[in-house]
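Engineer: How does the following fold in three dimensions:
(2 chains)
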Amino acid sequence: MSTQVFYFVATLSIIFSLMVIFAKNPIHSVLYLILTFFTFTVHYVLLNAQFLAVVNFIVYMGAIMVLFLFVLMLLNLNKETEPVKSPLIKIVGVIAGCCLIVTLVGSFKAATITSPLILKNPGLGLVENLGKELFGPFLLPFELSSLLLLAAMVGAVLLSKRDEVEA
Amino acid sequence: MENLTIQMAGVPLNHYIYLCAIIFTIGVIGVLTRRNAIVIFMSVELMLNAVNLLLTAFSVHSNDPSGQVFVFFIMALAAAEVAVGLAIIVMVYRNTKSIDINVLNRLKW
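Structural biologist: Numbers count the residues shown, from 1 in each chain, chains lettered A, B, ... in the order given. Okay, the predicted model is just below:
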């Protein structure tokens, strides 16, 4: 029964991600992207990666998507200002993407990893297990990522500030 | 929850690979065909998420929590990237009154 849930959710995520790139209005794109991320959260729950499901829900659907919507509203875009590419470039882009998927699927067929996904340790994706991993072997990268976030915050503030100094 | 994930044993790893390849390709097509800088950004997010899902699937497959830790780091990186990228887009919009990426083609020289 659960495998059917996977295929259902997988179909939904493919449909929603197609809607993201083919929606004319950027606001609709953001809303479809939120739905896509929601389906990804369901995938994480199905894989029993509960920590990642919660983080995906909070960080992606909460923080990042709010940032996207906020910037879209700040820029005050609508359908009229939406730049359109010529149909030729669109067709060429879609053909290039199809070539990519054919290449990827062909190479994965050669790999033949067909063994079913078995959750050997049900506590694998829980907070306890990942916390031990994160504060054990991965302590240095974890602390470095805090530096990265600080640098990104300073950079974002600095970039979006109007430069009054030069004037 | 426990029962649900125990029953999860049926899905082959191959299907996760195909799903993630398809979503990654959709992201690539989005980058190639759109000119709105924000939509291009969202396509990049799609690609990052496809990679995240595949890393998690492989982590579950080989029973190794490191893969999920990598996903956590990628999420932190994506948050930082989005903040800086959107700041750049806001600055470009302020200077050119447009978020058409073709306005920026002089960056090539």
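Engineer: State the pLDDT value of A:Leu149.
Structural biologist: Here, the pLDDT recorded for A:Leu149 equals 92.
Engineer: So it sits against B:Ala76, correct?
Structural biologist: Yes. Contact between A:Leu149 and B:Ala76 holds when scored by Cβ atoms under 8 Å: they sit 6.4 Å apart. The way it works is simple: take the backbone N, C-alpha and C, and place the C-beta from them, glycine included.
Engineer: More neighbours: which of those two?
Structural biologist: B:Ala76 (20 against 15; other Cβ atoms under 10 Å in any protein chain shown).
Engineer: so what's the more buried one up against?
Structural biologist: By Cβ atoms under 8 Å, 6 or more residues apart in numbering or on different chains, the contact set of B:Ala76 is A:145, A:148-149.
Engineer: Sketch out the low-pLDDT regions of the chain for me.
Structural biologist: With no chain named, the answer covers chain A. A:1, A:77-85, A:112-114, A:163-167 (pLDDT under 70).
Engineer: that's the other chain; I wanted chain B
Structural biologist: B:1-9, B:108-109.
Engineer: Let's have the contacts of B:Ala76 in a markdown table, adding secondary structure and distance to chain B.
Structural biologist: Below are the contacts of B:Ala76 laid out as a markdown table (DSSP: H, G, I helix; E, B strand; the rest coil; distance: Cβ to the nearest Cβ, whole Å):
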| residue | secondary structure | distance to chain B |
| --- | --- | --- |
| A:Ser145 | helix | 5 |
| A:Leu148 | helix | 5 |
| A:Leu149 | helix | 6 |
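Engineer: residue nearest the centroid of chain B?
Structural biologist: With distances taken as Cα atoms, centre = their mean, chain B has B:Leu48 as the residue nearest its mean C-alpha position (2.1 Å).
Engineer: Assess the claim that that residue and B:Ala79 are in contact.
Structural biologist: No. Look at B:Leu48 against B:Ala79 with Cβ under 8 Å: they stay out of range, at 10.7 Å.
Engineer: Residue nearest the middle of chain A, spatially speaking?
Structural biologist: Within chain A, and using Cα atoms, centre = their mean, the residue nearest to the centre is A:Phe37, at 6.3 Å.
Engineer: what about that one, distance to B:Ile26?
Structural biologist: Counting by Cβ to Cβ, to the nearest Å, the gap between A:Phe37 and B:Ile26 amounts to 14 Å.
Engineer: Could you do B:Val39 as well?
Structural biologist: B:Val39 is 12 Å from B:Ile26, by Cβ to Cβ.
Engineer: what touches both of these two?
Structural biologist: What both B:Val39 and B:Ile26 touch, as defined by Cβ under 8 Å, 6+ apart, is the set A:20-21.
Engineer: check which helix or strand covers residue 70.
Structural biologist: Using chain A. If you go by DSSP states H and E, A:Phe70 is part of helix A:65-75.
Engineer: actually it's chain B I care about, not the one you picked
Structural biologist: If you go by DSSP H and E, B:Phe70 is part of helix B:66-96.
Engineer: okay, now A:Ser86: neighbour count?
Structural biologist: Counted with other Cβ under 10 Å, A:Ser86 comes out at 8.
Engineer: Would you map the helices across chain A?
Structural biologist: Using DSSP state H, the helices found in chain A span residues A:2-22, A:26-46, A:50-55, A:65-75, A:87-111, A:127-134, A:139-160.
Engineer: Output those in TSV, with distance to B:Ala21 appended to each entry.
Structural biologist: Shown next, in TSV, are those (distance: least, Cβ to Cβ, whole Å):
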stretch	distance to B:Ala21
helix A:2-22	11
helix A:26-46	15
helix A:50-55	20
helix A:65-75	24
helix A:87-111	4
helix A:127-134	26
helix A:139-160	27
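Engineer: Which of these sits closest to B:Asn102?
Structural biologist: helix A:87-111 (10.6 Å; Cβ to Cβ).
Engineer: residues making contact with that closest one?
Structural biologist: B:14, B:17-18, B:21-22, B:24-26, B:28-29, B:32-33.
Engineer: let's go with 6 Å and repeat that
Structural biologist: By Cβ atoms under 6 Å, 6 or more residues apart in numbering or on different chains, the surrounding residues in contact with helix A:87-111 are B:17, B:21, B:25, B:28-29, B:32-33.
Engineer: what two of those are the furthest from one another?
Structural biologist: So, those by Cβ to Cβ: farthest apart are B:Ile17 and B:Thr33, at 24.4 Å.
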